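Enquirer: compute the structure for the input listed below.
(2 chains)
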Amino acid sequence: MLLQNALVDALNNSEWAFPLAECIHIGGFAVGVGSIALVDFRLLNLGLRKETAARVLKYTEPWTIIALVFVVFSGGMLFISQAGIYLVNLVFPWKMYLVLAALIYNFTIHRKVATMENPSPLLSKSVALISLLLWVLIVFGGIFTGFLI
Amino acid sequence: MGIAHSIQSIGFLSDFSESVLAYPIVLSTHLTCIALFGGMILMTNLRLLGLTFKSITISDMVTSLRPWKRAGGVVMISMGLLLATCEAEKYAPNPYFWAKMIILGLIGVHALIFRPIVYNRTEELDRSPVIPTKAKVAAILSLVLWTAMFTMGRMIAYWEP
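Expert: All right, here's what the predicted structure looks like:
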């Protein structure tokens, strides 16, 4: 609680803390979502065709995880600075459900299919499209949180 | 301010800024492009630095994703133009906006310099036993420019005259 208050004070009293947290949030999701999108583009046969999806996943996953840690942490800071406003927001709770769904999906079904030996094209393509759709919806959710108050 | 006012008064731009949904949809699309294709640019740079994707050739990394990055860039810039021109009077005096435009120009200069010697010669880079310095310089500059770019983009919202 004390730590939370200290963080909230820092975010609300300093001119640069909130925009800095926002920039970390944006930079982080560019790396996180961009690295997941590489796996999805591979699954969709849209790029990196000389590599298997499993290899693409192996290379991108550490970057995805590090980036998502930054995204969640900076997002948490943004949230606690104005928790009251976010909790009554029309869009924000939906964004959080989507984040939860996307994170679980990414490290279970998505990971499983990307590392399968010979998934059917229909399966790998649908898995990739659902992944892209979830992350894009989350970006939209983030922006709409600020607009539909 | 005369020009800025005329720009934002253009029919479809004023309709656009008055719409409740259009503005956030365009802004979200702008950010989606940053996430998908900005992220790809970033991962390509990490490959040029030899930090990841080591078994994937630089050629495959650069050329197979190029059409997507280009398409994403076109959407990103058109959405950005729409966002800036519909509020031209607010953007015109904003120093962060102009800083962002200068960085965009520098990204163009970066492409003019490094495309012929790095990005269009990926096979040569793959044949080289170590990744040449020019490729690493191109990657580091690209990372710095893109980070500055989205930071300035975010700061635009915080400036008050």
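Enquirer: excluding chain neighbours, what is closest to B:I131?
Expert: Nearest non-adjacent residue to B:I131, counting by Cβ to Cβ, 6 or more residues apart in numbering or on different chains: B:G50, 5.0 Å away. All C-beta atoms are positioned from the backbone trio N, CA, C, and that covers glycine.
Enquirer: what's the helix or strand harbouring B:D15 in contact with?
Expert: Assessed by DSSP states H and E, B:D15 sits inside helix B:11-18. Helix B:11-18 has contacts (Cβ atoms under 8 Å, 6 or more residues apart in numbering or on different chains) with B:7-8, B:22-23, B:26, B:82, B:85-87.
Enquirer: buried among those residues? Make that a PyMOL selection.
Expert: Buried residues within the contacts of helix B:11-18, by 16 or more other Cβ atoms under 10 Å in any protein chain shown, are selected in PyMOL with:
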select buried, chain B and resi 7+8+23+26+82+85+86+87
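Enquirer: flag every residue of chain A that's near chain B.
Expert: A:19, A:22-23, A:26-27, A:29-35, A:37-38, A:41, A:46-51, A:55-56, A:59-60, A:62-63, A:132, A:135-136, A:139-140, A:142-144, A:146-148 (Cβ under 8 Å from any Cβ of the partner chain).
Enquirer: going by neighbour count, which of the residues you listed are buried?
Expert: A:22-23, A:26-27, A:29-35, A:37-38, A:41, A:47-48, A:51, A:55-56, A:59-60, A:63, A:132, A:135-136, A:139-140, A:142-144.
Enquirer: where does the prediction get shaky in chain B?
Expert: Within chain B, the ranges that satisfy pLDDT under 70 run B:1, B:11.
Enquirer: show me what residue of chain A gets nearest to chain B.
Expert: Shortest chain A-to-chain B distance, computed as Cβ to the nearest Cβ: residue-wise this is A:G34, at 0.9 Å.
Enquirer: give me every residue that touches the closest residue to that residue other than its chain neighbours.
Expert: Once flanking residues are discounted, A:G34 sits nearest to B:G39: 0.9 Å by Cβ to Cβ, 6+ apart. Residues near B:G39 by Cβ under 8 Å, 6+ apart: A:30-35, A:37-38.
Enquirer: dump those to JSON lines, plus secondary structure and pLDDT.
Expert: Formatted as JSON lines, these follow (DSSP: H, G, I helix; E, B strand; the rest coil; pLDDT from 0 to 100):
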{"residue": "A:A30", "secondary structure": "helix", "pLDDT": "93"}
{"residue": "A:V31", "secondary structure": "helix", "pLDDT": "93"}
{"residue": "A:G32", "secondary structure": "helix", "pLDDT": "95"}
{"residue": "A:V33", "secondary structure": "helix", "pLDDT": "95"}
{"residue": "A:G34", "secondary structure": "helix", "pLDDT": "94"}
{"residue": "A:S35", "secondary structure": "helix", "pLDDT": "94"}
{"residue": "A:A37", "secondary structure": "helix", "pLDDT": "95"}
{"residue": "A:L38", "secondary structure": "helix", "pLDDT": "94"}
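Enquirer: of those, which is the nearest to A:S14?
Expert: In terms of Cβ to Cβ, no member of these lies closer to A:S14 than A:A30, at 24.2 Å.
Enquirer: if I pick that closest one, what's in contact with it?
Expert: Taking Cβ under 8 Å, 6+ apart, one finds A:67, B:34-35, B:38-39, B:42, B:150 in contact with A:A30.
Enquirer: could you do A:L148 as well?
Expert: A:L148 neighbours (Cβ under 8 Å, 6+ apart): A:89-91, B:24.
Enquirer: which of these count as buried?
Expert: Applying 16+ other Cβ under 10 Å to these flags A:89, A:91, B:24 as buried.
Enquirer: thought A:F147 was touching the first one, still the case?
Expert: No. Between A:N89 and A:F147 no contact is recorded; they are 10.1 Å apart, counting by Cβ atoms under 8 Å.
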